[in-house]
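Participant: Below are the sequence and a predicted model; questions follow.
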Amino acid sequence: MIKKISAEKIKELRIKTGAGMMDCKKALEVSEGQVDLAIENLRKKGLASADKKSSRIATEGLIESYIHAGSRIGVLVELNCETDFVARQIKFQHLAKNIAMQLAACQSVEYISINDIPKEVVLKETDIESAKEDITNKTEIVKKQIVAGRINKRLKELSLMDQQFIKNTDISIEELVKQHIVLLGENIKIRRFQRFLLGEGLERKSNNFAKEVSEIIQKT
């Protein structure tokens with residue numbers, strides 16, 4: 001017998017996931033009212049659905065900007081979808097704004113995904129990690145395992161899609177985008193971005209600019 005699900009629980013799940021009312025009701029029925037399990041099931045369903053749309057061409061969209069308080073950090077990001085109709089949707093525009101804010105907050109991010117990182121960058125990072133003194137006396141097998149783990153971590157630091165979403169650290173930016181693919185019914189791609197830091201590249205009297213930027217972001 002299917003357990004009766006209250007409207008309050010359905011509403012709670014909908015707020016947490018953004019999924020439709022019927023999808024939330026079904027997920028709660030399957031999980032016998034367990035919200036955490038229902039969220040997990042909805043995520044799996046959403047990721048599978050989003051993956052099916054990921055090969056579709058996305059040439060519409062918008063260019064979003066974000067200027068952080070104090071006007072010392074700025075970001076431009078191009079977010080693509082399949083139609084102009086979706087590009088005009090508030091949810092799509094909010095996604096673009098959130099991605100721009102994420103890029104302002106994550107100074108280490110240089111690429112959209114790990115697949116975009118050039119081979120020469122990977123090789124350079126591998127050389128750096130392999131030369132570190134703390135693994136000099138390790139066996140080759142252990143050394144390779146340690147280096148591989150560190151490289152994987154480093155590449156994720158450089159990748160936007162692998163970042164935890166600053167407004168909900170339970171999901172990554174990749175999951176955030178896929179949730180919106182399911183929600184809006186179209187493929188969505190982050191095509192490119194550019195970050196601007198005031199005075200970047202100029203000689204400054206203070207050597208604490210990086211610290212200043214970090215402090216500004218933490219106050220967000």
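Facilitator: Arrived safely.
Participant: Strands of the protein, residue ranges please.
Facilitator: With DSSP state E as the criterion, the chain has strands at 60-67, 73-81, 164-165, 168-172, 189-197.
Participant: contacting residues for the spatially most central residue of the chain?
Facilitator: For the chain, Ile173 is the residue whose C-alpha lies nearest the centre (CA atoms, centre = their mean; 1.5 Å). By CB atoms under 8 Å, 6 or more residues apart in numbering, the residues touching Ile173 are Ile99, Gln102, Leu160, Met161, Asp162, Gln163, Gln164, Phe165. Every C-beta, even on glycine, is put in place using the N, C-alpha and C of the backbone.
Participant: which among these end up buried?
Facilitator: In terms of neighbour count (16 or more other CB atoms under 10 Å), the buried residues within these are Ile99, Gln102, Leu160, Met161, Asp162, Gln163, Phe165.
Participant: do you know how far the closest residue to Glu64 other than its chain neighbours is from Val77?
Facilitator: Nearest non-adjacent residue to Glu64, counting by CB to CB, 6 or more residues apart in numbering: Ala96, 3.7 Å away. The spacing between Ala96 and Val77, counted by CB to CB, to the nearest Å, is 6 Å.
Participant: ok so, going back, closest to Phe92 out of the strands of the chain?
Facilitator: Counting by CB to CB, Phe92 lies closest to strand 73-81 out of the strands of the chain; the figure is 6.2 Å.
Participant: angle of the closest one against strand 189-197?
Facilitator: Using axes from the mean of the first three to the mean of the last three CA atoms, to 10 degrees, the inter-axis angle of strand 73-81 relative to strand 189-197 is 170 degrees.
Participant: List of residues touching strand 73-81?
Facilitator: Strand 73-81 is contacted by residues 58-68, 87, 92, 95-96, 99-101, 103-104, 184, 186-198, 213, 216-217 when judged by CB under 8 Å, 6+ apart.
Participant: Paired strands for it, with orientation please.
Facilitator: Applying DSSP bridges, strand 73-81 is found paired with strand 60-67 (antiparallel), strand 189-197 (antiparallel).
Participant: hang on, the earlier thing: generate a PyMOL selection restricted to the buried entries among the contacts of strand 73-81.
Facilitator: Per 16+ other CB under 10 Å, the buried members of those correspond to this PyMOL selection:
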select buried, resi 58+60+61+64+66+68+87+92+95+96+99+100+101+103+104+184+186+187+188+189+190+193+195+213+216+217
